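Peer 1: sequence first, predicted model second:
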Amino acid sequence: MHELIGGDSMTARKAGRAGQPAAPSGTTCDYALAEGFGSVFRFCFNGAKPARNIEIRTP
């Protein structure tokens, strides 16, 4: 899954921080920009397993 989203993007992480819900306990999250959608996607993993993925709308 990490390879599919292209890894973590610091630009997306900064854009998605405002107003995002807390990440599930014990997870690590990667952030990806969705060009043309005005969104950042947060992909959280518990080890190698996906835990919770959300779309964060950006201004």
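Peer 2: Thanks, I have it.
Peer 1: centre-most residue in the protein?
Peer 2: Compute the mean C-alpha point of the chain, and by CA atoms, centre = their mean the closest residue is Arg42, 1.5 Å away.
Peer 1: show me what the helix or strand harbouring that one is in contact with.
Peer 2: Using DSSP states H and E, Arg42 falls within strand 39-46. Applying CB atoms under 8 Å, 6 or more residues apart in numbering, the contact partners of strand 39-46 are 1-2, 5, 12-13, 15-16, 20, 23-24, 26-34, 50-58. C-betas here are computed from N, CA, C, even on glycine.
Peer 1: may I see the buried residues of the helix or strand that it is followed by?
Peer 2: Going down the chain from strand 39-46, the next helix or strand is strand 49-57, by DSSP H and E. Residues 51, 56 are the ones in strand 49-57 that count as buried (16 or more other CB atoms under 10 Å).
Peer 1: kindly report the same for stretch 27-37.
Peer 2: 29-33.
Peer 1: for this protein, longest helix please?
Peer 2: helix 10-16 (DSSP state H).
Peer 1: mean confidence for that helix?
Peer 2: In this model, helix 10-16 has a mean pLDDT of 72.
Peer 1: what about the residue lying closest to Gly38 once chain neighbours are set aside, neighbour count?
Peer 2: Excluding the flanking residues, the one nearest Gly38 by CB to CB, 6 or more residues apart in numbering is Thr58, at 5.6 Å. With neighbours defined by other CB atoms under 10 Å, the count for Thr58 comes to 15.
Peer 1: gap between Thr58 and Gly47?
Peer 2: Applying CB to CB, to the nearest Å, the value for Thr58 to Gly47 is 29 Å.
Peer 1: show me the shaky parts of the chain.
Peer 2: Applying pLDDT under 70 to the chain picks out residues 1-8, 16-19, 59.
Peer 1: the same query, at a cut-off of 80, please.
Peer 2: By pLDDT under 80, the weakly predicted segments of the chain are 1-20, 34-38, 58-59.
Peer 1: straight-line length of stretch 24-33, end to end?
Peer 2: 20 Å (CA to CA, to the nearest Å).
Peer 1: now it: how far from the chain's centre is it?
Peer 2: Centroid displacement of stretch 24-33 relative to its chain, using CA atoms, centre = their mean, to the nearest Å, is 6 Å.
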